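Trainee: What follows is a predicted protein model with its sequence.
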Amino acid sequence: MTDARTPLIAGNWKMNGVAAGGAELAAAVSAGANDVSAELLVCPPTVLIAPVGAALRDGVALGAQDCHFAQSGAHTGDISAEMLADAGCAYVIVGHSERRADHGETSGDVCAKAMAAYRAGLRAVICVGETEAERDAGKTLEVITAQLNGSVPSAATAENTVVAYEPVWAIGTGRTPTNDEAQAVHAHIRAALSASHGAAVSDGMRLLYGGSMKPENAQGLLAQPDIDGGLIGGASLKAEDFLAIAASCP
Ligand code: 13P
(Lines give C-alpha, C1' and ligand atoms only; values in the text may rest on other atoms or scores of the structure.)
Protein backbone atom coordinates (compact mmCIF):
# COMPACT_ATOMS: atom_id res chain seq x y z
CA MET A 1 0.00 0.00 0.00
CA THR A 2 1.13 3.52 -0.68
CA ASP A 3 -0.72 6.74 0.08
CA ALA A 4 -1.23 7.27 -3.63
CA ARG A 5 -3.60 4.32 -3.90
CA THR A 6 -6.82 4.14 -1.86
CA PRO A 7 -7.12 0.62 -0.46
CA LEU A 8 -10.05 -1.42 -1.74
CA ILE A 9 -11.59 -4.21 0.31
CA ALA A 10 -13.93 -6.22 -1.89
CA GLY A 11 -16.29 -9.01 -0.87
CA ASN A 12 -17.00 -11.75 -3.39
CA TRP A 13 -20.06 -13.48 -1.96
CA LYS A 14 -19.88 -16.15 -4.69
CA MET A 15 -23.04 -18.34 -4.85
CA ASN A 16 -24.17 -17.66 -1.29
CA GLY A 17 -27.20 -16.05 0.30
CA VAL A 18 -30.83 -15.20 -0.35
CA ALA A 19 -32.53 -11.81 -0.35
CA ALA A 20 -33.23 -11.43 3.36
CA GLY A 21 -29.77 -12.42 4.58
CA GLY A 22 -28.07 -10.52 1.78
CA ALA A 23 -29.83 -7.28 2.67
CA GLU A 24 -28.97 -7.82 6.33
CA LEU A 25 -25.29 -8.38 5.51
CA ALA A 26 -25.23 -5.32 3.25
CA ALA A 27 -26.80 -3.17 5.98
CA ALA A 28 -24.30 -4.43 8.55
CA VAL A 29 -21.35 -3.69 6.25
CA SER A 30 -22.78 -0.23 5.55
CA ALA A 31 -23.14 0.46 9.26
CA GLY A 32 -19.38 0.03 9.73
CA ALA A 33 -18.21 1.74 6.56
CA ASN A 34 -17.61 5.12 8.18
CA ASP A 35 -15.17 3.59 10.64
CA VAL A 36 -12.70 2.44 7.96
CA SER A 37 -10.65 4.44 5.50
CA ALA A 38 -10.61 1.73 2.82
CA GLU A 39 -13.07 1.81 -0.04
CA LEU A 40 -15.55 -1.05 0.39
CA LEU A 41 -17.16 -3.11 -2.36
CA VAL A 42 -19.62 -5.99 -2.15
CA CYS A 43 -20.29 -8.35 -5.06
CA PRO A 44 -23.41 -10.43 -4.37
CA PRO A 45 -24.89 -13.08 -6.68
CA THR A 46 -26.68 -11.44 -9.61
CA VAL A 47 -30.21 -12.02 -8.31
CA LEU A 48 -29.30 -10.24 -5.06
CA ILE A 49 -27.98 -7.08 -6.70
CA ALA A 50 -31.33 -5.28 -6.29
CA PRO A 51 -32.03 -6.07 -2.62
CA VAL A 52 -28.39 -5.64 -1.64
CA GLY A 53 -28.18 -2.35 -3.56
CA ALA A 54 -31.28 -1.12 -1.76
CA ALA A 55 -29.77 -1.99 1.63
CA LEU A 56 -26.36 -0.40 0.98
CA ARG A 57 -25.58 3.09 2.17
CA ASP A 58 -23.14 5.62 0.69
CA GLY A 59 -19.60 4.49 1.10
CA VAL A 60 -20.05 0.91 -0.04
CA ALA A 61 -19.90 0.18 -3.75
CA LEU A 62 -21.90 -2.54 -5.49
CA GLY A 63 -20.41 -5.00 -7.95
CA ALA A 64 -21.21 -8.17 -9.85
CA GLN A 65 -19.26 -11.41 -10.22
CA ASP A 66 -19.27 -11.78 -14.00
CA CYS A 67 -20.71 -10.29 -17.19
CA HIS A 68 -21.13 -11.29 -20.83
CA PHE A 69 -18.98 -9.50 -23.42
CA ALA A 70 -21.95 -8.55 -25.61
CA GLN A 71 -24.29 -5.66 -24.90
CA SER A 72 -27.49 -7.66 -25.56
CA GLY A 73 -28.77 -10.48 -27.70
CA ALA A 74 -29.40 -14.21 -27.83
CA HIS A 75 -27.31 -15.34 -24.85
CA THR A 76 -29.69 -17.27 -22.61
CA GLY A 77 -28.85 -16.97 -18.95
CA ASP A 78 -26.20 -14.31 -19.41
CA ILE A 79 -26.12 -10.74 -18.11
CA SER A 80 -24.50 -7.80 -19.88
CA ALA A 81 -22.30 -5.17 -18.31
CA GLU A 82 -24.88 -2.56 -19.33
CA MET A 83 -27.55 -4.43 -17.33
CA LEU A 84 -25.26 -4.46 -14.31
CA ALA A 85 -24.62 -0.73 -14.62
CA ASP A 86 -28.36 -0.15 -14.94
CA ALA A 87 -28.90 -2.18 -11.75
CA GLY A 88 -26.54 0.11 -9.83
CA CYS A 89 -23.22 -1.74 -10.09
CA ALA A 90 -19.98 0.21 -10.30
CA TYR A 91 -17.68 -2.82 -10.56
CA VAL A 92 -17.66 -6.29 -12.06
CA ILE A 93 -15.29 -9.16 -11.28
CA VAL A 94 -14.03 -10.89 -14.43
CA GLY A 95 -11.84 -13.95 -14.85
CA HIS A 96 -12.24 -15.39 -11.38
CA SER A 97 -10.47 -18.77 -11.26
CA GLU A 98 -13.78 -20.48 -10.49
CA ARG A 99 -15.18 -19.16 -13.79
CA ARG A 100 -11.98 -20.01 -15.64
CA ALA A 101 -12.25 -23.57 -14.23
CA ASP A 102 -16.03 -24.14 -14.15
CA HIS A 103 -16.88 -22.40 -17.42
CA GLY A 104 -13.67 -22.80 -19.40
CA GLU A 105 -13.12 -19.05 -19.65
CA THR A 106 -9.88 -18.18 -21.40
CA SER A 107 -7.84 -15.04 -20.89
CA GLY A 108 -9.21 -13.88 -24.25
CA ASP A 109 -12.76 -14.21 -22.90
CA VAL A 110 -11.75 -12.33 -19.76
CA CYS A 111 -10.25 -9.52 -21.82
CA ALA A 112 -13.49 -9.22 -23.83
CA LYS A 113 -15.50 -9.08 -20.60
CA ALA A 114 -13.23 -6.38 -19.17
CA MET A 115 -13.72 -4.33 -22.34
CA ALA A 116 -17.48 -4.81 -21.98
CA ALA A 117 -17.18 -3.45 -18.45
CA TYR A 118 -15.39 -0.32 -19.72
CA ARG A 119 -18.02 0.12 -22.46
CA ALA A 120 -20.74 0.14 -19.78
CA GLY A 121 -18.81 2.49 -17.50
CA LEU A 122 -17.99 -0.21 -14.95
CA ARG A 123 -14.64 -0.87 -13.34
CA ALA A 124 -13.26 -4.35 -13.97
CA VAL A 125 -11.68 -6.45 -11.22
CA ILE A 126 -9.54 -8.79 -13.32
CA CYS A 127 -8.43 -11.96 -11.51
CA VAL A 128 -5.25 -13.93 -12.09
CA GLY A 129 -3.64 -16.75 -10.13
CA GLU A 130 -1.68 -19.95 -10.45
CA THR A 131 -2.78 -23.48 -9.51
CA GLU A 132 -0.94 -25.54 -6.95
CA ALA A 133 0.63 -27.69 -9.71
CA GLU A 134 1.89 -24.58 -11.49
CA ARG A 135 3.31 -23.23 -8.24
CA ASP A 136 5.02 -26.55 -7.46
CA ALA A 137 6.53 -26.53 -10.94
CA GLY A 138 8.02 -23.08 -10.27
CA LYS A 139 5.82 -21.51 -12.94
CA THR A 140 3.93 -18.94 -10.86
CA LEU A 141 5.38 -15.81 -12.43
CA GLU A 142 5.23 -17.23 -15.95
CA VAL A 143 1.55 -18.16 -15.53
CA ILE A 144 0.67 -14.78 -14.04
CA THR A 145 2.45 -12.89 -16.81
CA ALA A 146 0.62 -14.87 -19.49
CA GLN A 147 -2.74 -14.32 -17.77
CA LEU A 148 -2.09 -10.59 -17.45
CA ASN A 149 -0.98 -10.24 -21.06
CA GLY A 150 -4.08 -12.10 -22.26
CA SER A 151 -6.67 -10.70 -19.84
CA VAL A 152 -5.89 -7.01 -19.29
CA PRO A 153 -7.11 -4.88 -22.22
CA SER A 154 -4.79 -2.25 -23.68
CA ALA A 155 -7.45 0.29 -22.68
CA ALA A 156 -6.97 -0.55 -18.98
CA THR A 157 -6.21 2.42 -16.75
CA ALA A 158 -5.68 2.89 -13.04
CA GLU A 159 -9.27 4.17 -12.83
CA ASN A 160 -11.14 1.51 -14.79
CA THR A 161 -9.23 -1.57 -13.65
CA VAL A 162 -8.21 -3.40 -10.49
CA VAL A 163 -6.13 -6.58 -10.69
CA ALA A 164 -6.67 -9.29 -8.09
CA TYR A 165 -3.99 -11.90 -7.48
CA GLU A 166 -5.70 -15.02 -6.20
CA PRO A 167 -3.52 -18.13 -5.97
CA VAL A 168 -5.98 -20.93 -6.74
CA TRP A 169 -4.49 -23.16 -4.03
CA ALA A 170 -5.19 -20.49 -1.40
CA ILE A 171 -8.88 -20.01 -2.24
CA GLY A 172 -11.14 -21.45 0.44
CA THR A 173 -8.33 -23.61 1.83
CA GLY A 174 -7.12 -21.61 4.81
CA ARG A 175 -3.65 -21.60 3.23
CA THR A 176 -1.95 -18.40 2.11
CA PRO A 177 1.42 -17.46 0.70
CA THR A 178 3.72 -15.79 3.20
CA ASN A 179 3.56 -12.01 3.23
CA ASP A 180 6.88 -11.91 1.37
CA GLU A 181 5.76 -14.42 -1.25
CA ALA A 182 2.53 -12.48 -1.85
CA GLN A 183 4.45 -9.21 -2.09
CA ALA A 184 6.89 -10.73 -4.60
CA VAL A 185 4.04 -11.75 -6.93
CA HIS A 186 2.33 -8.37 -6.57
CA ALA A 187 5.60 -6.59 -7.38
CA HIS A 188 5.92 -8.82 -10.43
CA ILE A 189 2.37 -7.93 -11.50
CA ARG A 190 3.09 -4.23 -11.14
CA ALA A 191 6.28 -4.58 -13.18
CA ALA A 192 4.46 -6.54 -15.88
CA LEU A 193 1.72 -3.89 -16.03
CA SER A 194 4.37 -1.21 -16.26
CA ALA A 195 5.90 -3.00 -19.24
CA SER A 196 2.53 -3.43 -20.96
CA HIS A 197 0.71 -0.23 -19.96
CA GLY A 198 3.37 2.20 -18.75
CA ALA A 199 4.53 3.27 -15.32
CA ALA A 200 1.76 5.81 -14.72
CA VAL A 201 -0.95 3.17 -15.16
CA SER A 202 0.85 0.52 -13.12
CA ASP A 203 1.80 2.91 -10.31
CA GLY A 204 -1.81 4.02 -9.90
CA MET A 205 -3.55 0.68 -10.32
CA ARG A 206 -4.79 -1.13 -7.26
CA LEU A 207 -3.63 -4.72 -6.87
CA LEU A 208 -5.67 -6.88 -4.49
CA TYR A 209 -4.68 -10.10 -2.78
CA GLY A 210 -7.33 -12.85 -2.56
CA GLY A 211 -7.29 -16.35 -1.08
CA SER A 212 -8.16 -17.15 2.55
CA MET A 213 -7.71 -13.55 3.66
CA LYS A 214 -9.09 -13.27 7.20
CA PRO A 215 -8.90 -10.80 10.10
CA GLU A 216 -5.99 -12.87 11.50
CA ASN A 217 -3.74 -12.57 8.44
CA ALA A 218 -4.97 -9.37 6.78
CA GLN A 219 -2.71 -6.91 8.53
CA GLY A 220 0.53 -8.57 7.40
CA LEU A 221 -0.64 -8.92 3.81
CA LEU A 222 -2.10 -5.42 3.57
CA ALA A 223 1.11 -3.90 4.95
CA GLN A 224 3.03 -5.02 1.83
CA PRO A 225 3.94 -2.14 -0.48
CA ASP A 226 2.29 -3.60 -3.60
CA ILE A 227 -0.84 -5.04 -1.96
CA ASP A 228 -3.56 -2.39 -2.12
CA GLY A 229 -6.48 -4.33 -0.70
CA GLY A 230 -8.19 -7.68 -0.68
CA LEU A 231 -10.72 -9.74 -2.59
CA ILE A 232 -12.40 -11.68 0.15
CA GLY A 233 -14.56 -14.78 -0.24
CA GLY A 234 -15.59 -16.66 2.91
CA ALA A 235 -14.76 -13.88 5.36
CA SER A 236 -16.89 -11.39 3.40
CA LEU A 237 -20.02 -13.29 4.43
CA LYS A 238 -19.66 -12.05 8.01
CA ALA A 239 -19.84 -8.26 8.33
CA GLU A 240 -17.69 -8.31 11.44
CA ASP A 241 -14.85 -10.17 9.72
CA PHE A 242 -15.12 -8.15 6.51
CA LEU A 243 -14.96 -4.87 8.44
CA ALA A 244 -12.11 -6.16 10.61
CA ILE A 245 -10.12 -6.88 7.45
CA ALA A 246 -10.91 -3.37 6.17
CA ALA A 247 -9.78 -1.91 9.48
CA SER A 248 -6.42 -3.70 9.04
CA CYS A 249 -5.47 -1.50 6.09
CA PRO A 250 -2.49 0.65 7.02
P1 13P B 1 -11.73 -17.14 0.09
O2 13P B 1 -11.51 -15.83 0.80
O3 13P B 1 -12.96 -17.86 0.56
O4 13P B 1 -10.49 -17.99 0.09
O5 13P B 1 -12.03 -16.79 -1.45
C6 13P B 1 -11.19 -15.93 -2.12
C7 13P B 1 -11.80 -15.61 -3.42
O8 13P B 1 -11.87 -16.46 -4.31
C9 13P B 1 -12.34 -14.26 -3.62
O10 13P B 1 -12.67 -14.02 -4.94
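Mentor: Arrived safely.

Trainee: ok, now which ones touch whichever residue of the chain sits closest to the ligand?
Mentor: In the chain, the residue found nearest to the ligand is G233; the distance is 2.2 Å by Cβ to the nearest ligand atom. For glycine as for every other residue, the C-beta is placed from the backbone atoms N, C-alpha and C. Applying Cβ atoms under 8 Å, 6 or more residues apart in numbering to G233 gives the contacts 12, 14, 171-172, 210.

Trainee: Keep only those of these that are also close to the ligand.
Mentor: When Cβ under 6 Å from any ligand atom is applied, the members of those adjacent to the ligand are 12, 171-172, 210.

Trainee: re earlier: and of the contacts of G233, the nearest to V163?
Mentor: Nearest to V163 among the contacts of G233: G210, at 10.5 Å, using Cβ to Cβ.

Trainee: unless I'm mixing things up, that closest one is touching G234, no?
Mentor: No: the pair G210 / G234 is not scored as a contact, 10.9 Å apart, by Cβ atoms under 8 Å.

Trainee: Same drill for those two, tell me which one is more crowded.
Mentor: Counted by other Cβ atoms under 10 Å, G210 and G234 do not tie: G210 has more neighbours, with 25 against 18.

Trainee: one step back: looking at the contacts of G233, which are in strands?
Mentor: Among these, the members falling in strands are 12, 210 (criterion: DSSP state E).

Trainee: Would you show me how to pick out the buried ones of the contacts of G233 in ChimeraX?
Mentor: To isolate the buried members of the contacts of G233 in ChimeraX, using 16 or more other Cβ atoms under 10 Å:
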select :12,14,171,210
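
Trainee: Enumerate the residues of this structure near the ligand.
Mentor: Residues of the chain lying close to the ligand by Cβ under 6 Å from any ligand atom are 12, 96, 166, 171-172, 210-213, 231-235.

Trainee: any idea which helix or strand carries V162?
Mentor: Using DSSP states H and E, V162 sits in strand 161-165.

Trainee: what's that strand packed up against?
Mentor: strand 8-12, strand 123-128, helix 179-197, strand 206-210 (3 or more Cβ pairs under 8 Å, 6 or more residues apart in numbering; DSSP states H and E).

Trainee: In a markdown table: the ones you listed, plus mean pLDDT.
Mentor: Below are these laid out as a markdown table (pLDDT from 0 to 100):
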| stretch | mean pLDDT |
| --- | --- |
| strand 8-12 | 98 |
| strand 123-128 | 98 |
| helix 179-197 | 98 |
| strand 206-210 | 98 |
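
Trainee: Present the ones you listed as JSON lines; the columns should include distance to S30.
Mentor: What follows is the helices and strands packed on strand 161-165, written out as JSON lines (distance: least, Cβ to Cβ, whole Å):
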{"stretch": "strand 8-12", "distance to S30": "12"}
{"stretch": "strand 123-128", "distance to S30": "20"}
{"stretch": "helix 179-197", "distance to S30": "29"}
{"stretch": "strand 206-210", "distance to S30": "21"}
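
Trainee: for those, which one sits closest to A87?
Mentor: strand 123-128 (15.0 Å).

Trainee: quick one, the strand holding V162 and helix 179-197 angle?
Mentor: 140 degrees (axes from the mean of the first three to the mean of the last three Cα atoms, to 10 degrees).

Trainee: what's next to strand 161-165, contact-wise?
Mentor: With contacts defined as Cβ under 8 Å, 6+ apart, strand 161-165 is touched by 8, 10, 91, 93, 114, 123-129, 144, 148, 152, 182, 185-186, 189, 193, 205-210, 229, 231.
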